[in-house]
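**Student:** Predicted model and sequence below, questions to follow.
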Amino acid sequence: MAAALGVTLYLVVTLWRHAPHALLADFLLLQAASQVHRLAILRAYRRAELTVETSALWARRYTLYMLGAGLVWGAASWLFLRPENPLSLVFTMCGLYGISGGAVSGNAYHPPALRAFVVAIFGIAFVRLLSFGGVEFVALGVASLFYMLILLLFCRVQHRSVTESMQIRFENADLIQALHIQKDSAEAAKARAEQADLAKSRFLAAASHDLRQPLHALSLFSATLRELELDPKQRGVVEQIYRNIDSLEALFDELLDISKLDAGYIRATLVDFPIQRVLDSLQTRYAALADEKALSFRIKPSRAVVKSDAALLERVLGNLVANAIRYTGEGGVLVGCRHRGRGLQITVWDSGIGIPAAQHERIFEEFFQLGNPERDRRNGLGLGLPIARRIGHLLGTELELTSSPGRGSAFALSVPLGDPSVVVAAVPEVVIAGDALSGRCVVVVDDEPSIREGMHELLTQWGCHSIEAASAAQALALLAEQKTSPELILADYRLADHHNGADAVSLIRAQFGPTLPALLITGDTAPARLQEAKQSGLHMLHKPVRPAQLRALCNYLLTRP
């Protein structure tokens, strides 16, 4: 409409002195009628209910409108072209060329409308020019028809581009919709997986806690049995029980290690130390295990000094060595070191069954095991390598694996070299003379009756006076009743009614002094709870507790300055 108004004003202004004013007025009336018709169509279109079926009707209606508009513009050539006035000819034809050229892009969506429009304009103009006679007017008429054909060709090309772009647009819309559906499906699947993983974690944490409770009690009772006077047959049965408890405790410890690492409970303390210290420890711990399977076990000595956490590094290498021995039937295991750049690469080679390339990543998944379809617990739980990788990340290194079936495996990790001038000496083992527990008053706070009973039997056998309670309030009441003061507190972390052992220790210390030795014992493996327990600042043992470990830590707490 803006273009029509502009060209109309252009013709009126330029032809004002070259055409009768009455004709100009007639042309203005025709244009006004045409634009009113356009507005009526537009208004009806906006109010109409548009469907695929009605689109053909609207296309025909718009084509007819464009035919009428073309006749109005074509009338300008009939009204204003004068052979005796070249300026009227120039101004009129320029206006018709402009309005028809501008209509191409606006009608590329529907070429029939443009064809109706320009054929009406240039058909009338051609007839008018032919009526003048003369070669020059005929040539101008033919040129105008040629211009019309060029416009139609441009419209055809542009229509193809428009159609293709619309097809691409709708295909993209379909693709985006499909992607949205896939994304929603993926997000829903991810949410379900996260919920399942959360449920699994909650289940494992709850199951681990609930299983550790009776196992802890069983460990206490079996330790009491072990110290009794028994005949050889009875002692053999007790030793069998003890060995099975040790096996279960080892499996629970692996689960606990995973939880500790996930909770951020374990922190690396980097110091400079000779790597031979760790290698010697590996030799001591695993040589006998290799001998039992008639395997050679060699460790090449090294003078290198590294900067790492000695205990965690030993744990990683220990897991790798234990795994190598477990899955090697004949031959042996070799541990060696070599300098690589500014680091030391430590490699554990074995001549075992080897690992297919497709399984190189899977063996680092929790509970995944090769060659153990029966899930023989003597071959572990499948947590050694996942724990080793997690600790490796904690130390800032990646485990590298080279292996193929039947040709053994090589696990390697690199640690930075240290400064020999600042080597930290090994911490000497603390040796406690005698037994500081005998005759001591020990308060046990645990809401599990069987554990309280087991702790009572064990502590009594160690010569302690023990007071067992289900809560801090009950412990304080029993202490007041017996008019005695505690010398050591052993508290379970998770107590009944949403209480915890750290709070129980605080309540008892509030009455008997802030320096009263205390120890937390927990069966929780949930990362959040482990982090909470750690924040208490108290020493902590994890159920099932080995009685010898409990006794050693109690002695330490009672004798430290």
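**Tutor:** Right, received. Where do you want to start? Residues are numbered from 1 along each chain as shown.

**Student:** Look up how far residue 338 lies from the nearest residue to residue 148 once chain neighbours are set aside.
**Tutor:** In space, and not counting its chain neighbours, residue 148 is closest to residue 122: 4.3 Å by C-beta to C-beta, 6 or more residues apart in numbering. Quick note: C-beta positions are derived from backbone N, CA and C, even for glycine. Per C-beta to C-beta, to the nearest Å, residue 122 is found 89 Å from residue 338.

**Student:** Those two: who's more crowded?
**Tutor:** Per other C-beta atoms under 10 Å, whichever of residue 122 and residue 338 has more neighbours is residue 122, with 26 against 13.

**Student:** residue contacts, the more buried one?
**Tutor:** Going by C-beta atoms under 8 Å, 6 or more residues apart in numbering, residue 122 touches 74, 96, 100, 144-145, 147-148.

**Student:** tell me the pLDDT at it?
**Tutor:** We have a pLDDT of 92 for residue 122.

**Student:** Where does it sit: helix, strand or coil?
**Tutor:** helix (DSSP: H, G, I helix; E, B strand; the rest coil).

**Student:** from now on call the first residue 21
**Tutor:** With 21 as the first residue, the last one maps to residue 142.

**Student:** From residue 95, how far out is it?
**Tutor:** Counting by C-beta to C-beta, the gap from residue 142 to residue 95 is 13 Å.

**Student:** Residue 428 too?
**Tutor:** Residue 428 is 97 Å from residue 95, by C-beta to C-beta.

**Student:** what's the answer for residue 490, then?
**Tutor:** Residue 490 is 107 Å from residue 95, by C-beta to C-beta.

**Student:** Please apply the same query to residue 287.
**Tutor:** 92 Å.

**Student:** more crowded one of the two?
**Tutor:** Set side by side, residue 287 and residue 95 show more neighbours around residue 95, with 19 against 8, by other C-beta under 10 Å.

**Student:** you'd agree the more buried one is up against residue 44?
**Tutor:** No. Assessed by C-beta atoms under 8 Å, residue 95 is found out of contact with residue 44, at 12.0 Å.

**Student:** Ramachandran coordinates for residue 503?
**Tutor:** phi 50, psi 50 (degrees, to the nearest 10).

**Student:** and it, what does it touch?
**Tutor:** Residue 503 neighbours (C-beta under 8 Å, 6+ apart): none.

**Student:** residues in contact with the closest residue to residue 128 other than its chain neighbours?
**Tutor:** Leaving aside its chain neighbours, residue 128 sits nearest to residue 178 (4.0 Å; criterion: C-beta to C-beta, 6+ apart). Counting by C-beta under 8 Å, 6+ apart, residue 178 touches 124-125, 128.

**Student:** secondary structure element for residue 115?
**Tutor:** Element membership for residue 115, per DSSP states H and E: helix 106-127.

**Student:** check contacts around residue 511.
**Tutor:** 464-466, 521-522, 524-525, 538-541.

**Student:** State whether it is indeed within a helix.
**Tutor:** No. Residue 511: not assigned to a helix; according to three-state DSSP it is strand.

**Student:** Strands of the chain, residue ranges please.
**Tutor:** For the chain, the strands defined by DSSP state E cover 291-294, 316-319, 325-328, 352-360, 363-370, 420-423, 429-436, 461-465, 485-489, 508-512, 538-542, 559-562.

**Student:** Check which helices and strands the last one is in contact with.
**Tutor:** Right, the one you point to is strand 559-562. Applying 3 or more C-beta pairs under 8 Å, 6 or more residues apart in numbering; DSSP states H and E, one finds that strand 559-562 contacts helix 252-283, strand 538-542, helix 567-579.

**Student:** For it, buried residues please.
**Tutor:** Neighbour-count burial for strand 559-562, counted by 16 or more other C-beta atoms under 10 Å, picks out 560-562.

**Student:** partners of it, with directions?
**Tutor:** Using DSSP bridges, strand 559-562 pairs in its sheet with strand 538-542 (parallel).

**Student:** What lies in contact with the strand it pairs with?
**Tutor:** Counting contacts by C-beta under 8 Å, 6+ apart, the residues touching strand 538-542 from outside are 236, 466, 508-514, 521-522, 525, 528-529, 549-550, 553, 556, 558-563, 565, 573-574, 577.

**Student:** Residue 57 and residue 140: what is the separation?
**Tutor:** Residue 57 is 15 Å from residue 140, by C-beta to C-beta.

**Student:** need the helix or strand of the protein with the lowest average pLDDT.
**Tutor:** Within the chain, no helix or strand scores below helix 252-283, which has a mean of 65 by mean pLDDT, DSSP states H and E.

**Student:** give me the number of residues near residue 354?
**Tutor:** 18.

**Student:** right, and it touches residue 320 too?
**Tutor:** Yes. With contact defined as C-beta under 8 Å, residue 354 reaches residue 320; the gap is 7.3 Å.

**Student:** how far away is the closest residue to residue 27 other than its chain neighbours from residue 39?
**Tutor:** Nearest non-adjacent residue to residue 27, counting by C-beta to C-beta, 6+ apart: residue 119, 4.7 Å away. Per C-beta to C-beta, residue 119 is found 17 Å from residue 39.

**Student:** Residue 148 against residue 99, yeah?
**Tutor:** No. Counting by C-beta under 8 Å, residue 148 does not reach residue 99; the two are 9.5 Å apart.

**Student:** Report the buried residues of stretch 318-336.
**Tutor:** 319, 322, 324-330, 332-336.

**Student:** now do stretch 490-499
**Tutor:** 490-492, 495-496, 499.

**Student:** same thing with stretch 333-349?
**Tutor:** 333-348.

**Student:** Contacts made by that stretch with the rest, please.
**Tutor:** With C-beta under 8 Å, 6+ apart as the criterion, stretch 333-349 contacts 298, 301-302, 305-306, 309-310, 313, 315, 317, 326, 353, 355, 366, 368-373, 390-391, 399-400, 404-405, 407-408, 411-412, 415, 419, 428-429, 431, 433, 435.
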